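[1] need a 3D model of the sequence below.
(2 chains)
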Amino acid sequence: MKDDSRKTTLDPSTRSIIDKIVQENNLNKGAGITILQQVQASLGYVSPPMIRRISKLTGITASALYSIATFYAQFRLEPIGKHLVQVCHGTACHLAGAEKITETITMETGAAEGHTSPDGKFTVEKVACLGCCSLGPVMTINETTHIRLTPEAARKLAKSKKKGCKCEKSSHADQQPGVTPDE
Amino acid sequence: MSEKKYAAKITVGMASCGIAAGAREVFNTLKAAVKELPLALDFSGCMGMCYNEPLMEMTMSDGSRYLYCQVTPDKAKEIVNKYMESGKPVSEWLAYAEDRDTADKSFLVQQQRILLKNCGIINPESLQSYLAVDGYAAIKKALRMHPEQVIREIIDSGLRGRGGGGFPTGTKWALARKTLSQDKYLICNADEGDPGAFMDRSVLESNPHALLEGMLIGGYAIGAQQGYVYIRAEYPLAIKRLSLAIAQAREEGYLGRNILGHGFDFDINIREGAGAFVCGEETALIMSIEGKRGMPRIRPPYPAESGLWGEATSINNVETLANVPWIMLNGVASFNQYGTEKSKGTKVFALAGNIARGGLIEVPMGMTINQIVFDIGGGLASGKALKAVQTGGPSGGCIPAKLADTPIDYESLKKIGAIMGSGGLLIMDDTTCMVDVAKFFLNFTQEESCGKCTFCRVGTRRMLEILERITQGEGKEGDLELLEELGQSIIAGSLCGLGQSAPNPVLTTIKYFREEYEAHIYHKLCPAKKCKALIRMEVVEERCKGCGRCSKECPTDAISGEKKQPFTIEQEKCIRCGLCVSACKSNAILIYPGARGEEYNG
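    Reported below is the predicted structural model:
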């Protein structure tokens, strides 16, 4: 099959990551979504060659995996930029001006909404609700949450990420959320 | 831990809302500050007062509590230092103290906390902390009872599904118990996809063991051996704390085989959602756990008869299940003393939008919207008049201020076209455009429709197109009637709750705010000055100081002028993004509801 040649696009480390994830989950019934989630968490996205590899190992057809990957909003079929910006567009944030925040961010980074900027630095996404409704408008950059944003503040954040300057280290909760204070 | 004697204990609220507001820095500062002092330091989950975060509480040796708000690392140090000097709690920045009158006291004293009782009190990452507040005592009690008796208790308590449907929980369990099935499952729906609702996140982050205990009791009652928590991937901290709680519970024998020596086997696994709102619907959720696209199917058979892998399954919401341990421990009568005749107990609401005190509140069912907004929520943040309250997220309706005396319970809300939903309450003032709000929700449901039913898939898209036209200034006569007709057809022709409720925000806004639609359609005006295609921005010459901030912010170079002279906006270039308005410090840019600068006198 012509397709075989494209299998080689998976480098050995990617392949071993996928193999390990499949091995750990394959015994669970209906693990397709979980496997795709873990692959995306490790590799940033799920590409067609990755899906083919998962399909080969699990026996779930590639079309079934695609049907999952295209149905659920979480999955990305393309790589993301260095900084993932998620602007909350829940109702409270919408009322508080989320639209302006997204506009500012897309203008500042050059990434169209839902896409990655040409320089590969930013991916900007709208998300349904981050659950910080009393503190809107809210956005996360690489899982660090920024609250009560104004367009100016959002622009400043994007600028600091662009430059990679020191001020980004002083923003709130620089570590991943979900880490106990001791860590 | 050594038995050190502490003069006081400090707790920092560290749910994801608190962390986003800066609680981690406060905690880390305190950690260094109390090292050599006789002060204990711990963290808890969400204290509910989100508008005042970060929050820190000091509990004195006599049990009296002092809650400090909007704490910064510097304030935290000062509170500690002053306390160490004087031996008395500091009175600055106090949000609440039993013995004092504080501005925020009325936010707390009017609540009735059952579900949130221990949220913001206990350490959510410590099993010991949960055990110290009678944790897992309810399952011990339940295991000494016959499962039928447990179900009877829940039926008698009047507990109804807090996810929004309001189906009696005990009845649901009885149905699942009755079904003959090889295996049985209990699923907790923690998919909280409603934008504007965050009570499930808060419970998961603040008191995860209460959910596990509720699931254990439910599992025992229906005869299940396996439980699943289907949880949103957008809630990483909730997932982390729940996973930790499951591991701790397994370790201590509250989960697994032969639980507490009663011969009951039950284990719980987590399944992360992948971002599909429709998976809040129970049959779609089941499909998703089975690893497929989350598409609802025709009911009956209901999951209680044929659910996960075709076996009997009960699906309950986080809040519903987390109420169960309290009911088992405190008894039916103490639970149903709260609430109305048909809606028993309390309900947690997420207060957000234009409200002075946004956060999580728990009140007896039957409290009116006005009481919640003004007595507890402190009125509107903008100080303006209340225009509407949106309940139940995209499935709910917009309640106008004139109906805000409506008591909040399942039946009363239904009567006025709204629903309880999961309990999000969005407060709006007159800067909110109701057509825009309706469009916002419809855009959401249209995107989230799984596409199985034609009415839902195509109908919501047609409705959205009409709404877009109206907000673009291209509305025409007959649009409202068409929206109403389409809405009714979608409700009648859809399989699941998503489609059946998708038109609600549109239908209720047309019903209660028809004149606002008409202003858009017939006069090409947006009274709330929100719809970009209709409005106009202009510089008021007398107010403009000529600082040039606006022109710097303008993305399309539509604003120009000389320094210290009034600037002007070139209307052809202006995209009405409003960045100039927020940039202007002298309030010199006015927004008009119509493109020719008309006033609105509707």
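
[2] need the contact list for the spatially closest residue to B:Leu204 that is not a sequence neighbour.
    Leaving aside its sequence neighbours, B:Leu204 sits nearest to B:Ala238 (CB to CB, 6 or more residues apart in numbering or on different chains; 3.7 Å). (Glycine included, C-beta is placed from N, CA and C.) Residues near B:Ala238 by CB atoms under 8 Å, 6 or more residues apart in numbering or on different chains: B:Ser16, B:Ala190, B:Asp200, B:Arg201, B:Leu204, B:Glu205, B:Pro208, B:Ile231, B:Arg232.

[3] give me the mean pLDDT for the helix or strand B:Ala238 falls within.
    Assessed by DSSP states H and E, B:Ala238 sits inside helix B:236-251. The average of the pLDDT scores along helix B:236-251 is 97.

[4] tell me what whatever helix or strand comes next after it is packed against?
    Sequence order places strand B:267-272 as the next helix or strand after helix B:236-251, per DSSP H and E. Strand B:267-272 sits against helix A:32-43, strand B:226-231, helix B:236-251, with contacts defined as 3 or more CB pairs under 8 Å, 6 or more residues apart in numbering or on different chains; DSSP states H and E.

[5] redo that, cut-off 6 Å
    Counting contacts by 3 or more CB pairs under 6 Å, 6 or more residues apart in numbering or on different chains; DSSP states H and E, strand B:267-272 packs against strand B:226-231.

[6] quick one, the strand it packs on and strand B:267-272 angle?
    Put simply, strand B:226-231 runs at 30 degrees to strand B:267-272, going by axes from the mean of the first three to the mean of the last three CA atoms, to 10 degrees.

[7] note down every partner strand of strand B:226-231 and its orientation.
    strand B:184-190 (parallel), strand B:267-272 (parallel) (DSSP bridges).

[8] so, low pLDDT: which residues of chain B?
    Along chain B, segments meeting pLDDT under 70 span B:1-4, B:602.

[9] next, the contact list for the residue most central in space within it, please.
    Among the residues of chain B, the one closest to the centroid is B:Ala197, at 1.7 Å (CA atoms, centre = their mean). Neighbouring residues of B:Ala197 by CB atoms under 6 Å, 6 or more residues apart in numbering or on different chains: B:Ala350, B:Ser422, B:Gly423, B:Gly424.

[10] tell me the most buried of the strands paired with strand B:226-231?
    Neighbour counts (mean count of other CB atoms under 10 Å in any protein chain shown) averaged over each of the strands paired with strand B:226-231 peak at strand B:184-190, with a mean of 27.

[11] among the strands paired with strand B:226-231, which is nearest B:Ile490?
    strand B:184-190 (23.6 Å; CB to CB).

[12] and for that closest one, what's in contact with it?
    B:163, B:200, B:215, B:218-219, B:222-224, B:226-231, B:308, B:312-315, B:317-318, B:321.

[13] helix or strand next in line after it, which one?
    Heading C-terminal from strand B:184-190 (DSSP H and E), you reach helix B:199-206.

[14] one step back: nearest to chain A among the contacts of B:Ala197?
    Of all these, B:Ala350 has the smallest distance to chain A: 5.9 Å, by CB to the nearest CB.

[15] can you give me the neighbour number for the closest one?
    30 (other CB atoms under 10 Å in any protein chain shown).

[16] for the helix holding B:Ala238, list the C-alpha coordinates in PDB.
    Presented in PDB, the C-alpha positions along helix B:236-251 are these (Å, rounded to 0.1, in the frame of the first residue of the first chain):
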ATOM      1  CA  PRO B 236      -7.200  19.800  35.900                       C
ATOM      2  CA  LEU B 237      -7.100  20.600  39.700                       C
ATOM      3  CA  ALA B 238     -10.400  18.800  40.200                       C
ATOM      4  CA  ILE B 239      -9.100  15.700  38.400                       C
ATOM      5  CA  LYS B 240      -5.900  15.800  40.400                       C
ATOM      6  CA  ARG B 241      -7.700  16.100  43.800                       C
ATOM      7  CA  LEU B 242     -10.300  13.500  42.900                       C
ATOM      8  CA  SER B 243      -7.600  11.000  41.800                       C
ATOM      9  CA  LEU B 244      -5.800  11.600  45.000                       C
ATOM     10  CA  ALA B 245      -8.900  11.000  47.000                       C
ATOM     11  CA  ILE B 246      -9.600   7.700  45.200                       C
ATOM     12  CA  ALA B 247      -6.100   6.500  45.900                       C
ATOM     13  CA  GLN B 248      -6.500   7.400  49.600                       C
ATOM     14  CA  ALA B 249      -9.900   5.700  49.800                       C
ATOM     15  CA  ARG B 250      -8.500   2.600  48.300                       C
ATOM     16  CA  GLU B 251      -5.600   2.600  50.600                       C
END
